[in-house]
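A.B. asks: Sequence first, predicted model second:
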Amino acid sequence: LQALATEQLAGRRGAVVAIDPWSGEILTLVSAPAFDPNLFAVGMSQAQFSALQHDLNRPLFNRAVRGTYPPGSTIKPMLAVAALETGATNLERRTVCYGFFMLPNTTHRYRDWKPEGHGPVGIHDAIEQSCDVYFYEISNEIGIDRMHDYLSLFGLGNQTGIDVVGERSGLVPSTEWKRNAFRNRADQRWFQGETVIASIGQGYMLATPLQLATATAALATRGIRYQPRIVAAWEDPLTGERALASPVRLDDIELNDATNWDTVIDAMNAVMQGPRGTARAVGSGAPYRMAGKSGTAQVFSVGQDEEYDEEEIEERLKDHALFVAFAPLENPQIAVAVIVENGSSGSGVAAPIAKAIMDLSLIHI
């Protein structure tokens, strides 16, 4: 798995993290581009170290545990759980997506990724087709603080506790966070528009690939969570005695209505194997059932009436491509998170990598 993930990311900047949902065991953790650690063991010249240190692609930076990225639409399944649990939406609610959303008494248009819109959508359709407008509409009914509370239950915005150094915590904003972060500014208020863009994983929202993998694992297990770990055992160098590392169970995510798990996971399955799923091209025809969610995160802001040409824009300004998935649907054995920096398309670029990792884990081994 480690070799395959490295191969899949060859020539790209990004990360792949795969985890066993039922133990927290890390199955693969790759950051790209990488470097040869033997150089640090045998010694290197100042020129070699300087070349690594100043490389624009940052090979010394562990993107899997230290890279913080806007998670984009990969948070929509977790947000859907929050919306169902808080009553911000239900299975009967329908939204007509015209390709944009406007807050009351404003003229600003929050655009959907699909300019012509998705038409009438419910929560299943909104996840399957990744309808931004649906989540824009329900976001202020959830509220940023409840959004923060529910996303935090999945481990977002907090260090996972993995047994490697240097992990970063990411960020799930709240009104309290903004008051503290902006305490030296005149206006510390939280605005409705900030909640709208947070609902699609943009704005202040940041997550590491490791966090997205553990959050996806929590979806796979329907709320049972384990601390991720790399170490399998410790060995006494003098006696040779070994002690196996035991899974560390974290607080479960307990829902008022357990059927909300089924609603969200069924929609995630449709993302990859449904008739209108954003990643159906990757998931169709597979010998096992899977669940996933694509994400695309903007690197820079685009005005409401502006667009940019993918062919002309500088490569490092293109959107990041993200994808999270788990499989098999009925008895999950692997949860995966992939980010390809400036990869443009979550379903087109990151999803095939996640699928390759799941295939090797479930079929070929």
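C.D. replies: Sure, I can see it.
A.B. asks: hey, let's count contacts and neighbours off CA atoms from now on
C.D. replies: OK.
A.B. asks: from what I can see residue 95 touches residue 134, true?
C.D. replies: Yes: contact criterion CA atoms under 8 Å: residue 95 and residue 134 qualify, at 6.1 Å.
A.B. asks: Tell me which of those two has more neighbours.
C.D. replies: Remark: of residue 95 and residue 134, residue 134 carries more neighbours, 27 against 18, as counted by other CA atoms under 10 Å.
A.B. asks: C-alpha coordinates for the host helix or strand of that one, CSV please?
C.D. replies: Using DSSP states H and E, residue 134 maps to helix 132-142. Below are the C-alpha coordinates for helix 132-142, written out as CSV (Å, rounded to 0.1, in the frame of the first residue of the first chain):
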residue,chain,number,x,y,z
ASP,A,132,-23.4,23.4,-2.7
VAL,A,133,-26.7,25.3,-2.7
TYR,A,134,-28.4,22.7,-0.5
PHE,A,135,-25.7,23.1,2.1
TYR,A,136,-25.6,26.9,1.8
GLU,A,137,-29.3,26.9,2.5
ILE,A,138,-29.2,24.7,5.6
SER,A,139,-26.0,26.1,7.0
ASN,A,140,-27.4,29.1,8.9
GLU,A,141,-30.2,26.8,10.3
ILE,A,142,-27.4,24.6,11.8
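A.B. asks: re the thing from before, between residue 95 and residue 134, what contacts are shared?
C.D. replies: Common neighbours of residue 95 and residue 134 (criterion: CA atoms under 8 Å, 6 or more residues apart in numbering): 121, 122.
A.B. asks: Now do the strands in the stretch 201-350 of the chain.
C.D. replies: Remark: strands assigned in the stretch 201-350 of the chain by DSSP state E, counting those that start in this stretch are 233-235, 242-244, 291-297, 320-327, 334-340.
A.B. asks: Tell me the strands beside the second one, with direction?
C.D. replies: When you say that, I think you mean strand 242-244. Here strand 242-244 is paired, per DSSP bridges, with strand 233-235 (antiparallel).
A.B. asks: which outside residues touch the strand it pairs with?
C.D. replies: Residues contacting strand 233-235 (CA under 8 Å, 6+ apart): 241, 242, 243, 244, 245.
A.B. asks: Please enumerate the helices of the stretch 151-300 of the chain.
C.D. replies: Secondary structure of the stretch 151-300 of the chain (DSSP state H, counting those that start in this stretch): helices at 175-181, 192-198, 209-220, 259-273, 280-283.
A.B. asks: which of the ones you listed sits most buried?
C.D. replies: Mean neighbour count, computed with mean count of other CA atoms under 10 Å, is highest for helix 209-220 among these, reaching a mean of 29.
A.B. asks: what's the angle from that helix to helix 259-273?
C.D. replies: Put simply, helix 209-220 runs at 120 degrees to helix 259-273, going by axes from the mean of the first three to the mean of the last three CA atoms, to 10 degrees.
A.B. asks: Tell me how far the most centrally placed residue in the chain lies from residue 93.
C.D. replies: Compute the mean C-alpha point of the chain, and by CA atoms, centre = their mean the closest residue is residue 212, 4.0 Å away. Here residue 212 is placed at a distance of 28 Å from residue 93 (CA to CA, to the nearest Å).
A.B. asks: what are the phi and psi values for residue 147?
C.D. replies: phi -60, psi -50 (degrees, to the nearest 10).
A.B. asks: okay but it is in contact with residue 84, surely?
C.D. replies: No: contact criterion CA under 8 Å: residue 147 and residue 84 do not qualify, at 11.8 Å.
A.B. asks: Could you list the low-confidence segments of the stretch 201-350 of the chain?
C.D. replies: 299-313, 315-316, 344 (pLDDT under 70).
A.B. asks: where does the residue nearest to residue 83 when sequence neighbours are not counted land in three-state SS?
C.D. replies: What sits nearest to residue 83 in space, not counting adjacent residues and going by CA to CA, 6 or more residues apart in numbering, is residue 89, at 5.5 Å. What DSSP: H, G, I helix; E, B strand; the rest coil gives for residue 89 is coil.
A.B. asks: So what's the residue count around residue 89?
C.D. replies: The number of residues packed around residue 89, counting by other CA under 10 Å, is 23.
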